[in-house]
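Asks: Sequence and predicted structure, then a few things I'm wondering about:
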Amino acid sequence: MKYFKAPGNHGRPLLTHADRVLVTVIYLRQVCPQKVLAALLGTNAVTIGEAIRETRALMDEQKITLDQTTHYFSQAQDLHDWLDHGAVTSQMHIFQALTHPQLTGMPRRDFHALAERLAIPYQALLEQRRHHRRGGDRRPGTRRGVFPQKITDIDRILATVLAQRHLCNQQTLADLFGVSRGTIRNAVDDVLPLLKLEGHLPEPATRHFTTAADVLAFVTGASVDKTPS
């Protein structure tokens, strides 16, 4: 197996071919950002970024697509703790809470099936928008679909489902997901048309929450119910 060597690194090997594929797959699945990958591998974000750009270009040529994970790790230690001890992050707790059937209006398995169906058209929508902004096709090897946000695509779908049911306002959703209101607004603007095309028109929720704490307190109380998951 050949190693890639970075100029100015005295010929020391940085990433093998397998390493480059691995970090690209992990990054594109939205498991963690580049800074976490750099910390885990003891290298720098520039090396990781180059590996991802080059490997992704090859994956695009082969039309290789990847499913996205529901687990997002913003810190290297969180990923270590999860792998070594099964430790659950606060983001996992929030996702589990917000997919409660009494919030989404559907069993968890149905929500995940819905998110899986929307994943491809959602990515196609984003690429169409980027194509319009670029004024043409993306040049091989350039970055595409980089996710600087703190939430994944499945989080955006979840936020839109909750907004569609009028459970709470967008600021409360932003507080729950730990992002700005603008991030939630953009997610709803993107995903809502796809939900309508999917024919997903749920009944409005019978209860409205004014704060993130109210939502989480409700889920804590509702978790004792024997609601299908």
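Replies: Done, it's in. Numbers count the residues shown, from 1 in each chain.

Asks: List the buried residues for the helix ranked longest in the chain?
Replies: Secondary structure assigned by DSSP state H gives helix 108-134 as the longest helix of the chain. Burial within helix 108-134, assessed by neighbour count using 16 or more other C-beta atoms under 10 Å, is assigned to Phe111, Leu114, Ala115, Leu118, Ala119, Tyr122. Using the backbone N, CA and C atoms, a C-beta is placed for each residue, glycine as well.

Asks: Run through the strands of the protein in chain order.
Replies: 3-5, 13-16 (DSSP state E).

Asks: any idea of the mean pLDDT for the longest one?
Replies: Predicted confidence along strand 13-16 averages 74 (mean pLDDT).

Asks: Check the shortest one too.
Replies: What strand 3-5 shows for mean pLDDT is 40.

Asks: next one: stretch 50-61
Replies: 88.

Asks: For the residue lying closest to Tyr27 once chain neighbours are set aside, which residues are in contact?
Replies: Distances taken as C-beta to C-beta, 6 or more residues apart in numbering put Ile52 closest to Tyr27, at 5.4 Å, once the chain neighbours are dropped. Ile52 sits next to Val23, Thr24, Tyr27, Leu28, Gln34, Arg143 when contact means C-beta atoms under 8 Å, 6 or more residues apart in numbering.

Asks: where in the protein is pLDDT low?
Replies: Residue ranges of the chain with pLDDT under 70: 1-13, 130-150, 223-229.

Asks: quick one: the residue nearest the centre of it from Leu167, how far?
Replies: Geometric centre of the chain, nearest residue: Thr152, 1.5 Å, by C-alpha atoms, centre = their mean. Thr152 sits 20 Å away from Leu167, going by C-beta to C-beta, to the nearest Å.
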